[in-house]
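# The sequence isn't on hand, but the structure is:
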C-alpha cells in the first residue's frame, strides 16, 4: 500500500471555480505522478495498491478561512476516516483518487 494525501482541488475534472493556481497545479502534478506510479506498479506481480486520498476539509490554520463554507473535521477525525478507507482497499483499487469517505474523485 502506498498513499499520498492530495486535495480535491487537484482534480482537473472537478474544477468549476478556478483560482488557487499554484495549489491546484501542485496537487494536479502530485496526482499525475501517483497515477503514473500506480500504472507501473500494477505491472508488477503482487504490486502494491497505490492511491491518492483527499482528507476533506480538515480544521487546520490553512483551512480556517474556509471552514464556514464546508463541512469539516478535526485532524484526528480525518486520519480515522483515511485509515478506514485505506484498510478497505485491494490491488484492484490501485490508481484511484479517493475522497475521505471512500468515494472516487475524477482525475
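Nice, I can see it. The model shown is predicted, which means the values in this text are computed figures rather than measured ones. Residues are numbered from 1 along each chain as shown.

# quick one: buried residues of the lengthiest helix in the chain?
Longest helix of the chain, by residue count under DSSP state H: helix 21-42. Residues of helix 21-42 classed as buried by neighbour count (16 or more other CB atoms under 10 Å): 24, 27-28, 30-31, 34-35, 37-38, 41. Every residue, glycine included, has its C-beta placed from N, CA and C.

# and which of those residues is nearest residue 96?
Distances from residue 96 to the buried residues of helix 21-42, taken as CB to CB, are shortest for residue 38 (8.0 Å).

# surely that closest one meets residue 93?
No: contact criterion CB atoms under 8 Å: residue 38 and residue 93 do not qualify, at 9.5 Å.

# anything in contact with each of these two?
Common neighbours of residue 38 and residue 93 (criterion: CB atoms under 8 Å, 6 or more residues apart in numbering): residue 51.

# Could you find the closest non-adjacent residue to residue 95?
residue 38 (3.6 Å; CB to CB, 6 or more residues apart in numbering).

# OK, contacts around that neighbour?
By CB under 8 Å, 6+ apart, the contact set of residue 38 is 50-51, 94-95.

# Can you tell me which of these lies closest to residue 10?
Residue 10 lies nearest to residue 51 out of these, by CB to CB, at 13.4 Å.

# Can you tell me the SS state at that closest one?
Of the three states, residue 51 takes strand according to DSSP: H, G, I helix; E, B strand; the rest coil.

# I'd like the distance from it to residue 32, if you could.
Per CB to CB, to the nearest Å, residue 51 is found 14 Å from residue 32.
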